[in-house]
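A.B. asks: Can you look at this prediction? I've put the sequence above it.
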Amino acid sequence: MEVMEDIEELAVQLFDAGAVRLGDIEAKVGRRTPIYFDLRVVISSPKVMVSVAQHLQRLSSETEHEVLCGVPYAALPFTVVMSVNTGTPMIMKRKETKLYGTRKILEGIYKQNDTCLIVEDVVTSGGSLLETARTLRDEGLVVKNAVVVLDREQGGASILKANGVEVKSIFTMTELVKILRKAGRISDETAEIVSDHIKECQFSMD
């Protein structure tokens, strides 16, 4: 019960910090959404950032891993906090390979066949997380699990599972909306709109 209460408190903190935005918003994947989750703003709320990282740590403790890798850029601050708190080494995937010097796609120290846990903010289609998993695997790392703040329940987690990556999330979109409605942050009408959107906008491997 204590964990659930903490999760409910975190959901309200994220909403109040501006990480949950409502309206007809264009999402990254080119579709419009009635609810947008933007964790980049949390870097300006240290207490909330630490709280998010602690919940991700709880999920990460259920998996075996030697290294952490945050998907750039929103997940990087949480990955840093997790690394410092747990003493687990962290590596970073670059957006693109360096064209000079070491020409690395990954920054940090790791060994071949190290098991790497991916940290992500939101899973929608699963594209960004899957791209990161493929890069890590190409570099000789083992990727079996990912921890994320929000699973939008639009098919991304299933796509990732089919590609050998099990996703554990702090919230599903359904859970987040239920908590925010209970807390009086969103209306019943908004909750229904979001629920309909989840059902209508599903991604698949086709």
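C.D. replies: Good, I have the coordinates.
A.B. asks: got a list of what the residue nearest to the spatial centre of the chain touches?
C.D. replies: Ranked by distance to the mean C-alpha position of the chain (CA atoms, centre = their mean), the top residue is residue 121 at 2.4 Å. The contact partners of residue 121, by CB atoms under 8 Å, 6 or more residues apart in numbering, come to 37, 39, 71, 74-75, 78, 148-150. In this view, the C-beta of every residue, glycine as well, is placed from N, C-alpha and C.
A.B. asks: Kindly recompute the last result at 6 Å.
C.D. replies: Going by CB atoms under 6 Å, 6 or more residues apart in numbering, residue 121 touches 39, 74-75, 149.
A.B. asks: out of those residues, who's nearest residue 196?
C.D. replies: When these are ranked by distance to residue 196 (CB to CB), residue 149 comes first, at 22.8 Å.
A.B. asks: burial count for the closest one?
C.D. replies: 27 (other CB atoms under 10 Å).
A.B. asks: What are the phi and psi values at it?
C.D. replies: phi -80, psi -50 (degrees, to the nearest 10).
A.B. asks: a markdown table for the contacts of residue 121, including secondary structure, pLDDT and distance to residue 59?
C.D. replies: Shown next, in a markdown table, are those (DSSP: H, G, I helix; E, B strand; the rest coil; pLDDT from 0 to 100; distance: CB to CB, whole Å):
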| residue | secondary structure | pLDDT | distance to residue 59 |
| --- | --- | --- | --- |
| 39 | helix | 94 | 15 |
| 74 | coil | 91 | 17 |
| 75 | coil | 95 | 13 |
| 149 | strand | 98 | 10 |
